[in-house]
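Asks: Sequence first, predicted model second:
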Amino acid sequence: MSLVDSLRPVQRGSGDSSPQPVASGTRRRKRGVIVWVATAWLTILALAAVFADVLPIPDYETPTPEPGLAPGWRFPDFLGTDPVGRSILSRAIYGARISLVVGLAGTLVGLLVGGLIGLLAAYFRGWLESVVDTVSATILSFPPLVLVMALVAVLNPGLWTVTLCLGLLAIPAFARLAKANALAQVGREYVVVARAMGASSGRLLFREILPNTLVPAFSLAAVSIAILIAVEGSLSFLGLSIPPPQPSWGGMISEGKDSLRTDPHLVLIPCFVMFMTIYSFNTLGDYLRSRFDVRDSKL
């Protein structure tokens with residue numbers, strides 16, 4: 001080695017010993033583990049909610065002979081019982097039904113209605129686009145929880161009332177996303193060629209433009225489910241959602257808040273279940289966005 005070579009600065013990151021690929025691979029493996037954990041949690045939760053009636057667990061309304069039982073190794077009461085004697089495990093599982101139905105159905109309403117409105121606004125433009133933008137901005141300017149509370153207070157609280165109100169709340173976000181993605185596709189060559197060949201507006205919208213806007217919509221749908229579950233939990237905590245004795249996670253937290261010092265598990269267990277569910281949906285939404293978004297896949 002010459003003196004000049006010895007004084008030449010070392011090029012970091014250009015050799016095989018660079019730690020960057022190793023660090024990147026470690027991050028990918030860690031993220032993959034988190035995604036699998038989130039998927040497993042949601043799968044187990046969904047199966048438990050669907051088949052709750054056939055699981056070997058007590059009825060969520062029927063008190064057991066041991067009220068106020070602390071968590072332990074006794075099945076099926078290993079999560080304990082509330083002061084009335086009802087199984088916390090049963091109430092958490094049946095509460096998952098409420099949260100999943102509200103989150104999935106409300107998101108489906110927002111996805112279908114908002115997606116259609118956004119597609120039409122992007123394709124026809126003009127006054128329709130102005131109306132959609134104005135209405136969406138107006139709805140999104142209100143605090144979501146306050147808006148839903150006002151709607152539920154006017155109507156009778158119940159499962160489908162809350163679901164419909166949350167679905168209406170999700171429409172503007174899906175409409176904006178669908179419009180933005182459709183606008184990016186309307187001027188593409190394949191759309192111009194299809195229009196020049198005499199394709200109808202329906203074919204252009206649903207056969208050409210729509211398939212290219214689905215991935216971002218599905219990514220937002222996963223996040224939307226998490227948001228709606230959190231909002232429903234807040235409504236249940238305030239007594240504006242599902243009326244008792246039907247259990248809900250927010251209702252369980254509300255019932256146990258007065259016993260937080262003596263029986264913290266009455267609050268911590270539904271909080272943990274809700275946290276894991278919301279976190280899992282957010283994780284899947286972020287994974288879908290980074291997995292199928294070309295711009296993010298290059299980062």
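Replies: That came in fine, so what should we check first?

Asks: Quick one: neighbours of the closest residue to residue 209 other than its chain neighbours, just the number.
Replies: Using C-beta to C-beta, 6 or more residues apart in numbering and skipping residues adjacent in sequence, the residue nearest residue 209 is residue 185, 4.8 Å away. All C-beta spots, glycine's among them, are computed from the backbone N, C-alpha and C. Residue 185 is flanked by 19 other residues according to other C-beta atoms under 10 Å.

Asks: Residue 290 versus residue 185, what's the distance?
Replies: From residue 185 over to residue 290 the distance is 21 Å, taken as C-beta to C-beta, to the nearest Å.

Asks: what does residue 142 give?
Replies: When distance is defined by C-beta to C-beta, residue 142 is 31 Å away from residue 290.

Asks: The stretch 101-250 of the chain: strands as residue ranges?
Replies: Along the stretch 101-250 of the chain, counting by DSSP state E, counting those that start in this stretch, no stretch forms strands.

Asks: so where's it uncertain?
Replies: Along the stretch 101-250 of the chain, the model assigns pLDDT under 70 to no residue.

Asks: gap between the residue nearest to residue 209 and residue 220?
Replies: Counting by C-beta to C-beta, the gap from residue 185 to residue 220 is 17 Å.

Asks: Would you mind listing the buried residues in stretch 200-211?
Replies: 204, 205, 208, 209, 210 (16 or more other C-beta atoms under 10 Å).

Asks: What distance separates the opening and closing residues of it?
Replies: From its first residue to its last, stretch 200-211 covers 16 Å (C-alpha to C-alpha, to the nearest Å).

Asks: Contacts for it, please.
Replies: 119, 120, 122, 123, 182, 185, 186, 190, 191, 194, 195, 199 (C-beta atoms under 8 Å, 6 or more residues apart in numbering).

Asks: can you do 7 Å?
Replies: 119, 123, 182, 185, 186, 190, 191, 194, 195 (C-beta atoms under 7 Å, 6 or more residues apart in numbering).

Asks: Same check on stretch 69-80?
Replies: In contact with stretch 69-80 (C-beta under 7 Å, 6+ apart) are residues 56, 57, 58, 64, 81, 87, 88, 89, 265, 269.

Asks: Could I get the full set of helices for the chain?
Replies: With DSSP state H as the criterion, the chain has helices at 3-7, 19-50, 88-109, 115-124, 126-141, 144-154, 159-186, 189-196, 201-203, 214-237, 249-256, 265-292, 294-297.

Asks: Now render those helices as JSON lines, adding distance to residue 69.
Replies: Formatted as JSON lines, those follow (distance: least, C-beta to C-beta, whole Å):
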{"stretch": "helix 3-7", "distance to residue 69": "75"}
{"stretch": "helix 19-50", "distance to residue 69": "21"}
{"stretch": "helix 88-109", "distance to residue 69": "9"}
{"stretch": "helix 115-124", "distance to residue 69": "47"}
{"stretch": "helix 126-141", "distance to residue 69": "45"}
{"stretch": "helix 144-154", "distance to residue 69": "34"}
{"stretch": "helix 159-186", "distance to residue 69": "29"}
{"stretch": "helix 189-196", "distance to residue 69": "63"}
{"stretch": "helix 201-203", "distance to residue 69": "60"}
{"stretch": "helix 214-237", "distance to residue 69": "23"}
{"stretch": "helix 249-256", "distance to residue 69": "14"}
{"stretch": "helix 265-292", "distance to residue 69": "10"}
{"stretch": "helix 294-297", "distance to residue 69": "48"}
